[in-house]
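Enquirer: 3D, please:
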Amino acid sequence: MLDTEKIRSEFPILQKQASGKGFVYLDSACTSLKPKPVIDAMNAYYTEFTACAGRSVHKFAKKTEEEFSVARRKIAKFINAKPEEIIWTKNTTEALNLVALGFPLEKGDSVLTTNLEHSSGLLPWHMRSEKGIELDFVSCNKQGEFSLEDFEKKITRKTKIVSVIHASNVTATVSPLKEIAKIAHDNKALVLADSAQSVPHFPVDVKKLGIDFLAFSGHKMLGPTGIGCLYARRELLEKINPLVLGGSTITDTDLHRHVLADVPMRLEAGIQNYAGAIGLGTAVDFLSKIGMENIEAHEKELSKILVEGLLEIPNLELIGPSDSQKRSALASFNIRGMEPHEIALMLNDKNFFVRSGMHCAYPIHKFLNFPKGSVRASLYLYNSKEEAKLFVEELKGIAKNFS
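Expert: Coordinates of the predicted model:
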């Protein structure tokens with residue numbers, strides 16, 4: 001069991017509000033709050049050794065280079081990868097685009113994806129389809145769950161990549177990624193996982209899952225905005241065509257030719273977000289110290305309170321499974337007769353912070369016949385059982401007053 005109060009004491013924004021009128025932050029699926037060690041680590045870069053890695057030879061530059069390298073090793077260990085298999089990106093979106101737009105595919109090749117994808121996992125494939133790449137889709141059921149038989153039926157000899165969301169930011173379902181990877185590999189296809197909503201919340205081991213590419217963001221896992229990662233085996237990274245070229249990506253150039261550097265450098269053009277990488281490395285330390293298994297167990301307890309409470313509210317339509325154990329710690333919903341933004345603003349007035357709208361996932365909302373999106377409450381390690389209960393009670397009052 002997590003010591004929620006001790007964890008909350010590490011977050012300046014929570015401590016600042018504790019002395020005044022508090023709030024309940026339920027928007028971690030969008031971006032998480034930041035603990036003091038992460039903020040301090042980033043500030044240290046800016047106040048103690050600001051420099052560029054891999055360029056100058058002075059002490060500040062060497063310190064930056066060392067801390068940048070250490071952060072890469074931390075990230076690799078966190079998902080059971082090798083440091084040279086980690087590419088720094090701005091976010092999950094850039095990581096997914098790097099594969100979708102940079103991996104060599106030929107006209108007539110096929111990509112298999114799903115109707116549950118975030119826009120970042122769908123729109124880049126739209127761009128490739130305009131160049132002759134075929135797209136096919138596996139659809140989830142109304143609960144947001146996939147049938148492995150559908151993947152087996154849809155995959156063909158032309159399928160080169162299966163691109164799938166690991167944990168949905170709308171239905172809260174977790175895809176059977178290991179089983180999907182086996183089906184793909186049995187058919188000589190690769191697997192790209194959008195893990196923005198999984199890596200922050202439960203143990204993710206790329207080797208055990210058997211996946212080929214994995215993308216995630218720092219800002220959803222206690223780290224800063226503007227930093228993310230792409231994982232892939234070295235031989236696959238070497239096949240990706242860089243989307244951006246410039247400083248660090250080459251070993252030699254003249255006016256008419258250039259020689260690409262080895263990975264990961266060839267895919268990391270220009271000055272990097274050193275403070276962001278260092279901050280993310282510190283976030284990984286913070287999460288690892290608590291234990292991802294412990295975080296997952298805590299979130300399961302929160303999910304049970306949240307989901308069971310929401311199901312008791314008349315006229316509330318919960319998206320995803322009614323069994324809280326089949327869900328991650330978020331809940332998207334609608335109240336009949338009310339607009340999602342209207343509900344979110346009413347909650348905001350009571351200092352409950354949620355998200356409303358399409359959540360960058362238009363196809364699944366349309367599939368479920370929610371053309372205006374939904375309200376989403378998402379929890380994390382710093383949320384308490386009491387906060388989950390308070391939220392349910394507040395929502396009950398909103399629903400009752402409206403009816």
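
Enquirer: Pull out the buried residues from stretch 77-93.
Expert: For stretch 77-93, a neighbour-count test (16 or more other Cβ atoms under 10 Å) marks F78, I79, A81, E85, I86, I87, W88, T89, K90, N91, T92, T93 as buried. For every residue, glycine as well, the C-beta is placed using N, CA and C.

Enquirer: just stretch 241-258 next, same as before
Expert: Along stretch 241-258, the positions that meet the burial threshold by neighbour count (16+ other Cβ under 10 Å) are P242, S248, T249, I250.

Enquirer: Please report the distance of the second one from C140.
Expert: Taking Cβ to Cβ, to the nearest Å as the measure, S248 falls 41 Å from C140.

Enquirer: Residue ranges in the chain under the pLDDT threshold?
Expert: Residues of the chain that meet the criterion pLDDT under 70 lie in 17-21, 403.

Enquirer: which residue is nearest the middle of it?
Expert: In the chain, the centroid-proximal residue (Cα atoms, centre = their mean) is A196; its distance is 1.0 Å.

Enquirer: Which secondary structure element is home to that residue?
Expert: Per DSSP states H and E: A196 is located in neither a helix nor a strand.

Enquirer: How about the contacts made by the residue nearest to it when sequence neighbours are not counted?
Expert: Using Cβ to Cβ, 6 or more residues apart in numbering and skipping residues adjacent in sequence, the residue nearest A196 is T92, 4.2 Å away. By Cβ atoms under 8 Å, 6 or more residues apart in numbering, T92 lies in contact with H118, S120, D194, S195, A196, A215, F216, S217, G228.

Enquirer: burial measure for the third one, as a count.
Expert: D194: 29 surrounding residues under other Cβ atoms under 10 Å.

Enquirer: That one pairs with what?
Expert: D194 has the following beta-bridge partners by DSSP bridges: I165, A215.

Enquirer: Quick check, it in contact with H118.
Expert: Yes: judged on Cβ atoms under 8 Å, D194 makes contact with H118 at a distance of 6.1 Å.

Enquirer: where do the contact lists of these two overlap?
Expert: Overlap between the contact sets of D194 and H118, as judged by Cβ under 8 Å, 6+ apart, is given by T92, I165.

Enquirer: From L381, how far off is the closest residue in space to F103 that isn't next to it in sequence?
Expert: Take F103 and drop its neighbours on the chain: the residue closest to it by Cβ to Cβ, 6+ apart is I240, 5.4 Å away. With distances taken as Cβ to Cβ, I240 is found 34 Å from L381.

Enquirer: So between these two, which is more surrounded?
Expert: L381 (27 against 20).

Enquirer: In terms of helices and strands, where is that one?
Expert: Here L381, judged by DSSP H and E, is contained in no helix and no strand.

Enquirer: surely it meets E296?
Expert: No: L381 is beyond contact range of E296, at 9.7 Å (criterion: Cβ under 8 Å).

Enquirer: mind listing what the residue of the chain most remote from its centre touches?
Expert: For the chain, the largest distance from the centre (Cα atoms, centre = their mean) belongs to L255, which lies 40.2 Å off. Shown here is L255, which makes no contacts under the criterion Cβ under 8 Å, 6+ apart.

Enquirer: in a helix, that's where it is, yeah?
Expert: No: membership of L255 in a helix is not supported by DSSP: H, G, I helix; E, B strand; the rest coil, which gives coil.

Enquirer: Can you classify I271 by secondary structure?
Expert: Assigned by three-state DSSP, the conformation of I271 is coil.

Enquirer: Run a quick neighbour tally on P371.
Expert: For P371, the number of neighbouring residues by other Cβ under 10 Å comes to 9.

Enquirer: For it, what are phi and psi?
Expert: The phi and psi torsions at P371 (degrees, to the nearest 10) take the values phi -60, psi -20.

Enquirer: Also V191?
Expert: Main-chain dihedrals, V191, degrees, to the nearest 10: phi -120, psi 130.

Enquirer: you'd agree it is up against V162?
Expert: Yes: in this structure V191 lies within contact range of V162 using Cβ under 8 Å: 5.0 Å.

Enquirer: Looking at the two, which has the bigger crowd around it?
Expert: Comparing V191 with V162 by other Cβ under 10 Å, the one with more neighbours is V162, at 28 against 23.

Enquirer: can you give me the helices for the stretch 1-150 of the chain?
Expert: Counting by DSSP state H, counting those that start in this stretch, one finds helices in the stretch 1-150 of the chain at the ranges 4-8, 12-18, 36-48, 59-78, 92-102, 119-129, 148-154.

Enquirer: Buried residues in the last one, which are they?
Expert: I take that to be helix 148-154. With the criterion 16+ other Cβ under 10 Å, helix 148-154 contains buried residues D150, F151, K154.

Enquirer: from the residues you listed, which is closest to I7?
Expert: Relative to I7, the closest of these is F151; by Cβ to Cβ it sits at 38.0 Å.

Enquirer: contacting residues for the spatially closest residue to that closest one that is not a sequence neighbour?
Expert: Beyond its immediate neighbours in the sequence, the residue positioned closest to F151 (Cβ to Cβ, 6+ apart) is I183, lying 5.1 Å away. Contact analysis of I183 by Cβ under 8 Å, 6+ apart lists L148, F151, E152, I155, V162.

Enquirer: How many neighbouring residues does the closest residue to the fourth one other than its chain neighbours have?
Expert: It stands for I155. In this structure, I155 finds its nearest non-sequential neighbour in N187, 4.9 Å apart by Cβ to Cβ, 6+ apart. By the measure other Cβ under 10 Å, the count of residues near N187 is 17.
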